[in-house]
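# okay, structure incoming, though there's no sequence with it:
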C-alpha cells in the first residue's frame, strides 16, 4: 500500500471516528465503548439496596392457574450479575444506563440526527418490565394459553435517600429508607410504596431527555 493510500485511509478513518464522537453515536463500531457518562445535580440522592438472600431467592411469581413460586437466576439459566439487572432494573421498568444517557443534552442538530437515523429515543415508550415477563415465559416455553404461564412477577428492594447536606459531609449513616415492590402483570406494571400502588414510569417527555 502506498503512502498516499495510507494517508487517505487514515484521513477517512479519523473523519468517520470523530464524526461519530461529534454526532454522539454511542457504541460506535470503531471504538465500541460508551463514549459519554451522565452527571445530574439534585438535592437528594436515592440509591437501591436490598437483601442478598432475597434476591438470590428470586422473583415471587404467579402462574395463570394461581400457583405461587419463586424464579431464580438458576431457573432462568442466567449469570447472577445479569439476573441482578433483571431484578433491580427491568422489573422496575428501568433499562440500561446507556438508554438514558445516549441522548441527554443533545443539540437540536444531533437530536434530529439520532431520531432520523437511529430511531426514536429508547426510553420514549419503554416497556422493559413487559419484555421481562414475556422473556420469562419464552424461557420456560409457556405459550399464551398455557395454565403454567407466568402472569405476575414481584421484586422488592429498599431505597435509601440522602440529602445533599449529608452527602457533602460524608454522613451516610441516617438515610430515609423506603421499601418499593415492582409488580409486573400481563395488564401493566406497577410500583408499591407502602400501602400505595401506582403505575410504573413508562417513558420520558419528548425534549426533556431525563424526565419521566
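Sure, I can see it. The model shown is predicted, which means the values in this text are computed figures rather than measured ones.

# quick one: least confident helix or strand in the protein?
helix 97-101 (a mean of 71; mean pLDDT, DSSP states H and E).

# same for the biggest strand by length in the chain, what does it pack against?
Identified as the longest strand of the chain according to DSSP state E is strand 150-163. If contacts are counted by 3 or more CB pairs under 8 Å, 6 or more residues apart in numbering; DSSP states H and E, strand 150-163 sits against strand 44-49, strand 59-63, helix 80-88, helix 128-140, strand 176-185. Every residue, glycine included, has its C-beta placed from N, CA and C.

# closest one to residue 11 among these?
helix 80-88 (40.6 Å; CB to CB).

# how about the most centrally placed residue in the chain, nearest residue that isn't a chain neighbour?
In the chain, the centroid-proximal residue (CA atoms, centre = their mean) is residue 95; its distance is 1.5 Å. Of all residues not flanking residue 95 in the chain, residue 128 sits nearest, at 5.0 Å (CB to CB, 6 or more residues apart in numbering).

# what about the one you found, how many neighbours?
Using other CB atoms under 10 Å, residue 128 is surrounded by 21 other residues.

# that one contacts residue 93, correct?
Yes: here residue 128 reaches residue 93: they are 5.2 Å apart, a contact under CB atoms under 8 Å.

# which residue sits closest to residue 80, ignoring its sequence neighbours?
Per CB to CB, 6+ apart, closest to residue 80 is residue 73, 5.3 Å.

# I figured that neighbour hits residue 57, correct?
No: Residue 73 is beyond contact range of residue 57, at 10.1 Å (criterion: CB under 8 Å).

# so which of the two has more stuff around it?
Using other CB under 10 Å as the criterion, residue 73 and residue 57 rank with residue 73 on top: 18 against 12.

# what sits against that one?
Under the criterion of CB atoms under 8 Å, 6 or more residues apart in numbering, the contact list for residue 73 reads 56, 58, 79, 80, 82, 83.

# in this protein, which ranges drop under the pLDDT threshold?
1, 19-40, 100-106, 203-212 (pLDDT under 70).

# so the residue nearest to residue 199 when sequence neighbours are not counted: helix, strand or coil?
Nearest residue to residue 199 in three dimensions, chain neighbours excluded: residue 190, at 5.8 Å (CB to CB, 6+ apart). Put simply, residue 190 is strand when judged by DSSP: H, G, I helix; E, B strand; the rest coil.

# gap between residue 190 and residue 153?
Using CB to CB, to the nearest Å, residue 190 is found at 11 Å from residue 153.

# okay, and the common contacts of these two?
Common neighbours of residue 190 and residue 153 (CB under 8 Å, 6+ apart) are 182, 183.

# who has more neighbours, these two?
A direct count of neighbours by other CB under 10 Å for residue 190 and residue 153 places residue 153 higher, at 24 against 17.

# grab the longest helix from this structure for me.
helix 3-22 (DSSP state H).

# centre of the chain to that one, how far?
Centroid displacement of helix 3-22 relative to its chain, using CA atoms, centre = their mean, to the nearest Å, is 34 Å.
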